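J.: no sequence on this one, just coordinates:
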Ligand code: SAH
């Protein structure tokens with residue numbers, strides 16, 4: 001038989017696909033079928049917990065017994081995910097009798113269809129057949145994936161490849177509010193990275209990892225939002241105007257923000273400005289420093305039997321200010337973890353307020369500066385003394401303050 005498969009993209013929405021077997025192979029196969037909106041019928045006496053979760057959620061139907069030929073009635077495709085060769089051959093025979101393509105996990109030579117190794121990149125799907133050798137298919141797929149997601153190489157430099165990969169656009173452009181993560185350029189999401197590498201215009205914050213910008217393709221217009229002259233509110237208006245103008249001119253605009261766009265990032269204001277101007281916006285969440293900075297210092301924001309909550313609060317406005325929207329006296333009565341962003345300037349007043357309203361001065365506290373970057377510094381102290389410790393150590397923003405017993409939860413562990 002020829003080793004050359006005829007490649008096809010099956011459009012399975014609403015079409016019956018029978019999966020025979022309820023083990024690890026079926027567990028791996030089912031998600032892509034569900035993603036294609038196939039009408040999945042699972043035939044197996046027992047299921048893995050992951051498959052059972054799909055059944056419980058109503059995403060597929062389960063026939064809890066061994067395969068019977070009638071299970072294939074109405075099916076367009078069957079996936080055999082069982083080890084028993086005799087039972088698998090029985091499914092193959094029933095499929096062939098009904099002219100239904102049959103994928104065999106146990107014996108590819110007995111199959112009438114092969115599943116390729118797949119990688120996805122936005123709207124693009126790459127499927128690789130290895131000429132009969134699945135390992136070859138996987139290694140080529142991995143190489144293609146590296147190329148597509150890569151930060152160097154032809155995709156970033158070759159305008160033809162770049163243009164062909166982009167989602168076709170008509171008329172108005174689009175704005176993507178993308179979270180860049182806390183600092184380490186590897187902590188941007190895959191989606192964020194793809195949009196960045198496709199963007200015509202990137203509007204970046206001061207807190208955005210510089211290394212990410214360094215890796216943008218040539219030809220992209222980079223707007224440094226921190227260099228826009230004017231005061232804070234005019235600057236925001238100006239940023240909104242740039243986003244809207246460029247998008248209305250047809251550009252794909254990435255508004256790149258430190259951490260997550262919606263955690264003290266003014267992402268909501270920018271979204272409102274864009275939608276008011278009729279510009280479509282997509283929000284791509286990011287790894288927020290409120291969780292990542294403690295983690296980088298070996299501090300979990302929750303820990304079993306230590307803290308069942310964490311509260312993220314801005315320390316930008318001093319507790320005594322009439323403009324404060326934070327009930328510091330209520331926060332002082334919480335037992336769990338308190339994470340304070342933008343809190344260095346007001347740290348003495350914040351810690352005094354917390355202690356005055358009941359939080360123990362001896363509660364462990366830590367401050368993490370420039371987390372996940374080469375400039376990361378950590379100071380460990382207590383709530384009562386952390387403000388002085390920060391001054392003594394000369395810590396600077398950006399820094400995250402963590403208060404709570406979680407600061408010591410992992411102290412006995414060897415961390416790398
Ligand atoms: N949207 C961002 C937060 C913006 S507010 C996020 O989700 O992370 C800016 C504050 O975030 C800084 O003052 C500091 O408190 C915190 N911050 C951001 N990046 C940081 C980092 N790498 N290390 C420590 N703190 C950071």
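T.: Yes, it's here. Since this is a predicted model, take the numbers as computed values, not measurements. Numbers count the residues shown, from 1 in each chain.
J.: where in this protein is pLDDT low?
T.: Applying pLDDT under 70 to the chain flags residues 1, 3, 151-170, 414-416.
J.: who in it is up against the ligand?
T.: For the chain, the residues in contact with the ligand (CB under 6 Å from any ligand atom) are 182-183, 207, 257-260, 263-265, 288-290, 293, 341-342, 368-373, 397-400. C-beta coordinates here come from the backbone N, C-alpha and C atoms, glycine included.
J.: mark which of the residues you listed are part of strands, please.
T.: Among the residues of the chain next to the ligand, the ones falling in strands (DSSP state E) are 257, 341, 368-369, 399-400.
J.: ok, so of those residues, who is nearest residue 85?
T.: residue 257 (55.1 Å; CB to CB).
J.: give the bridge partners for the closest one, please.
T.: Beta-bridge partners for residue 257, by DSSP bridges, are residue 179.
J.: so what's it up against?
T.: For residue 257, the contacting residues are 177-180, 205, 207-208, 265-267, 286, by CB atoms under 8 Å, 6 or more residues apart in numbering.
J.: including distance to residue 240 and neighbour count, could those residues go into CSV?
T.: CSV is the format used below for the contacts of residue 257 (distance: CB to CB, whole Å; neighbours: other CB atoms under 10 Å):
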residue, distance to residue 240, neighbour count
177, 12, 28
178, 16, 31
179, 18, 27
180, 19, 29
205, 14, 18
207, 18, 18
208, 18, 25
265, 14, 20
266, 10, 17
267, 12, 21
286, 20, 27
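J.: in CSV: those, plus distance to residue 406.
T.: Listed next are those as CSV, based on distance: CB to CB, whole Å:
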residue, distance to residue 406
177, 30
178, 29
179, 23
180, 26
205, 28
207, 24
208, 28
265, 24
266, 28
267, 27
286, 22
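J.: how near is residue 275 to the ligand?
T.: The gap separating residue 275 from the ligand is 20 Å, by CB to the nearest ligand atom, to the nearest Å.
J.: return the residues in contact with that residue.
T.: Contacts were defined as CB under 8 Å, 6+ apart; by that measure residue 275 touches residue 281.
J.: isn't there a helix covering it?
T.: Yes. Assessed with DSSP: H, G, I helix; E, B strand; the rest coil, residue 275 lies in a helix.
J.: measure how buried the closest residue to the ligand within the stretch 151-300 of the chain is and give me the count.
T.: Residue nearest to the ligand within the stretch 151-300 of the chain (CB to the nearest ligand atom): residue 259, separated by 1.9 Å. Residue 259: 29 surrounding residues under other CB atoms under 10 Å.
J.: do the same with residue 383
T.: Neighbourhood size, residue 383 [other CB under 10 Å]: 24.
J.: for it, give me its contacts.
T.: Residues near residue 383 by CB under 8 Å, 6+ apart: 351, 354-355, 359-365, 403.
J.: so residue 142 belongs to a strand, correct?
T.: No. According to three-state DSSP, residue 142 belongs to no strand; its state is helix.
J.: ok so, going back, between the contacts of residue 383, which is closest to residue 304?
T.: Taking CB to CB as the measure, residue 304 lies nearest residue 364 of these, at 17.1 Å.
J.: what ranges do the helices span in the stretch 101-250 of the chain?
T.: Counting by DSSP state H, counting those that start in this stretch, the stretch 101-250 of the chain has these helices, from start to end: 134-149, 154-157, 159-165, 190-198, 210-214, 232-248.
J.: what angle sits between the first one and helix 190-198?
T.: Think helix 134-149. For helix 134-149 against helix 190-198, the angle by axes from the mean of the first three to the mean of the last three CA atoms, to 10 degrees is 60 degrees.
J.: cool, and the longest one?
T.: For the pair helix 232-248 and helix 190-198, the angle between their directions (the same axes, to 10 degrees) equals 70 degrees.
J.: need the residue closest to the centroid of this protein.
T.: residue 189 (4.8 Å; CA atoms, centre = their mean).
J.: distance of the residue at the greatest distance from the centre of the chain from residue 112?
T.: The outermost residue of the chain, judged against the average C-alpha position, is residue 97 (44.6 Å), by CA atoms, centre = their mean. From residue 97 across to residue 112, the span is 12 Å (CB to CB, to the nearest Å).
J.: check residue 91 too.
T.: Per CB to CB, residue 91 is found 11 Å from residue 112.
J.: also residue 366?
T.: Taking CB to CB, one finds residue 366 at 60 Å from residue 112.
J.: looking at the two, which is more packed in?
T.: More crowded of residue 366 and residue 112, by other CB under 10 Å: residue 366, with 24 against 15.
J.: quick one, what contacts the more buried one?
T.: 294, 297, 299, 378-381, 386, 401-402, 407.
J.: got the contact list for residue 384?
T.: For residue 384, the contacting residues are 351, 355, 361-362, by CB under 8 Å, 6+ apart.
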